[in-house]
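Enquirer: Fold the following.
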Amino acid sequence: MRSLLAALLLQGAQGFYLPGVNPYSFTEGETVKLKVNKMTSQKTLLPVDYYRLPFCQPEGGPKMDHENLGEFLAGDRIESSPYRLTMKVDMYCEQLCISNLGRGEQKGVSPNKMVRAIRKNYHNNWIVDNIPAASKVEDDTTVTTRYWQGFPVGFIASDTMKAYVHNHVNIEVQYHSVETEPDKARVVRFTIEPFSIKHDFEASADDDDDALEEGEAKPYKVADIQNPIESCNSKIGTREHTRYEMVYARGREPQPASGRVLFTYDVTWTENKQLHWASRWDVYLSMDNAIPAKVHWLSIANSLVIVIVLSAMISAILVRNLRRDFNRYNRLSTDEEKAEDMEEFGWKLVHADVFRPPSFSPLLMSVCCGTGAQLLCMSILTILFSAMGFLSPSNRGALIMAQLLLYVLMGSVAGYITSRLYKTFKGKSWQKATACVAFGFPGITFGLFVIMNIVALSQGSSDAVPPLTMFVLLFLWFGISTPLVFFGAYFGYKQEAIEFPVNTSSIPRQIPDQPWFMGLPFTLAVGGILPFGACFVELYFILASVWMDQYYYVFAFLLLVFAILVITAAEITVLFNYFQLCGENYHWWWRSFSTGGSTGIYVFLYSFVYFKQLEANSIATYVLYFGYMGLASLGLFLMTGFVGVTTCLIFNKTIFGSIKID
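Expert: Alright, predicted model coming up:
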């Protein structure tokens, strides 16, 4: 068991590839394709297509890569580029094209597209041989390489506050020679170092750039540079690659994000004998150890302390009190005790009412539990497959597709749980209950998704899903998920209702006044804080991967934290359930659901705190962020609420089945 756990943790921290994902080996001189993906920004949270800006385009126009459903839903738009890379062939200040970026920055004049993108802090995301570009940033003293979020389109000068575009890139590619095929090599690292260089140039004789409109770019233009830096000077016999010292030498200026701009690039090939192809994703997944594994271990240790303290509290309170209650309730009363007519007290008094159906909407309770069970099964399987390495980051969109398909397939679980509970509650409208679980939460999700899609369309974002993808989602919902819900419900209604150890009376018992600490606000506050405290560190990293384009692949840690979350939610719910029954309040169905689900409320409140890190300032961003965070919090509320109800049901059946009822 310990070796299995160690293997899971190792795979959670390192790259892992699906069986059948084979490396591609390049021969010397073979073309290596450089592809471009969506541009992302932490300020807007709205990715946009790369060619929405007037960048150089390949001959014949950009061609879209074949994308799966998960990539479309993630907003990925992978397209071809005009950058020409040849295996093991270095290039020096290769000219790409001349592009007109539009009018210059002036007060009272609307800035051009490029300036707006730079001020919104958009980043490029390029891909070579299916690995994303790392970004190298250099200054007078340090060189920093970052393996997430791509590289910026440009920058804002601190003195002039004007926008400057990165019109030159150093493309650094590392390769590893194949041991079995010495004449072939595999790409293992891809780094971009962007520069802004103001080239004074004259277009070649065939350049007709004067006729260009703003946003148009005629590719593969060759120009004569009047003030070339050393790497761009073809008259020098021994040329060097572009360096920081060349770009920032005396008399050099950066390129403003306006007017006619010459785009250039260098390509450097370096052999890396230590880095193998199978390990090339490791530095991305660990983000170059920017977040050490010790942080996750401390998070788990913190969570385990919470679980141990809570378990000890439950053992001290429940076990001791229950043993005392069992002895008192099960012993034979003496004649003296009968004569004194000793009045019973405690949870035994509600034995005839404890399994009474919920006073408020048994149908809604059944539907919420069925949906929570569906989400719980989906989450467990997704995290488990990810921890085992079956959802590789090299297979883009795999995680989203796995979540979607597992949710659809778990529709049978939702139908079964809903039908069993609803039959136990003596419900008659079984068709209505099944339809509610089939169309309730999926309907809310799809409705919100459509609203978000409209917002993304209005902003011109690549997050907007094409109509064909919408039809695929509808097919998954109505063609697969809904039939599976009815299939599960059919077998659920065929089963006998859940049997309880005691009978329910026909007349409900009057509930005495409850103390303030057993009210709904207090139980929600206390019931959610401990499970949230057990998982909030991992929640921070998950939100960073969703909203800040960072990698999250320590699913083995997440599996442990998720188990701790479920256990903590179950324990705190059982504890409050016992106190509630001791207060002779038998309305525990909805109380246990809300107490267990209150973790979702804390997650939604925490999303307000996290939002401050995103530097977002547009209405569309607010709608996008809080819409999706609200949906995720609702799903967590239903999931942990189901855990609370299930645990309390088992607990109540156990304790009431252990006493003698007169």
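Enquirer: which residues in the stretch 301-450 of the chain form helices?
Expert: 320-330, 335-340, 362-387, 398-409, 411-424, 430-458 (DSSP state H, counting those that start in this stretch).
Enquirer: Residue 143: which of those is closest?
Expert: Nearest to residue 143, of all those, is helix 398-409, at 32.4 Å by CB to CB. Any C-beta I mention is one placed from the backbone N, CA and C, and that applies to glycine too.
Enquirer: and the helices of the stretch 301-450 of the chain as JSON lines, adding mean pLDDT, distance to residue 541 and mean neighbour count?
Expert: As requested, the helices of the stretch 301-450 of the chain are arranged in JSON lines below (pLDDT from 0 to 100; distance: least, CB to CB, whole Å; neighbours: other CB atoms under 10 Å):
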{"stretch": "helix 320-330", "mean pLDDT": "65", "distance to residue 541": "39", "mean neighbour count": "13"}
{"stretch": "helix 335-340", "mean pLDDT": "48", "distance to residue 541": "60", "mean neighbour count": "9"}
{"stretch": "helix 362-387", "mean pLDDT": "93", "distance to residue 541": "14", "mean neighbour count": "23"}
{"stretch": "helix 398-409", "mean pLDDT": "91", "distance to residue 541": "15", "mean neighbour count": "19"}
{"stretch": "helix 411-424", "mean pLDDT": "93", "distance to residue 541": "29", "mean neighbour count": "26"}
{"stretch": "helix 430-458", "mean pLDDT": "91", "distance to residue 541": "23", "mean neighbour count": "17"}
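Enquirer: Same list, those, but as JSON lines with distance to residue 505 please.
Expert: As requested, those are exported to JSON lines (distance: least, CB to CB, whole Å):
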{"stretch": "helix 320-330", "distance to residue 505": "18"}
{"stretch": "helix 335-340", "distance to residue 505": "23"}
{"stretch": "helix 362-387", "distance to residue 505": "18"}
{"stretch": "helix 398-409", "distance to residue 505": "41"}
{"stretch": "helix 411-424", "distance to residue 505": "17"}
{"stretch": "helix 430-458", "distance to residue 505": "25"}
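Enquirer: So for residue 180, which of those helices sits nearest?
Expert: Per CB to CB, nearest to residue 180 of these: helix 398-409, 28.6 Å.
Enquirer: where in the stretch 1-150 of the chain is pLDDT low?
Expert: Residues of the stretch 1-150 of the chain that meet the criterion pLDDT under 70 lie in 1-21.
Enquirer: which residues in it form strands?
Expert: 26-27, 31-36, 79-86, 91-100, 123-124, 126-128, 131-132, 134-138, 143-146 (DSSP state E, counting those that start in this stretch).
Enquirer: okay if I get those as JSON lines plus mean neighbour count and distance to residue 557?
Expert: Listed next are the strands of the stretch 1-150 of the chain as JSON lines, based on neighbours: other CB atoms under 10 Å; distance: least, CB to CB, whole Å:
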{"stretch": "strand 26-27", "mean neighbour count": "15", "distance to residue 557": "36"}
{"stretch": "strand 31-36", "mean neighbour count": "18", "distance to residue 557": "32"}
{"stretch": "strand 79-86", "mean neighbour count": "19", "distance to residue 557": "35"}
{"stretch": "strand 91-100", "mean neighbour count": "21", "distance to residue 557": "42"}
{"stretch": "strand 123-124", "mean neighbour count": "22", "distance to residue 557": "27"}
{"stretch": "strand 126-128", "mean neighbour count": "20", "distance to residue 557": "27"}
{"stretch": "strand 131-132", "mean neighbour count": "21", "distance to residue 557": "23"}
{"stretch": "strand 134-138", "mean neighbour count": "18", "distance to residue 557": "24"}
{"stretch": "strand 143-146", "mean neighbour count": "12", "distance to residue 557": "22"}
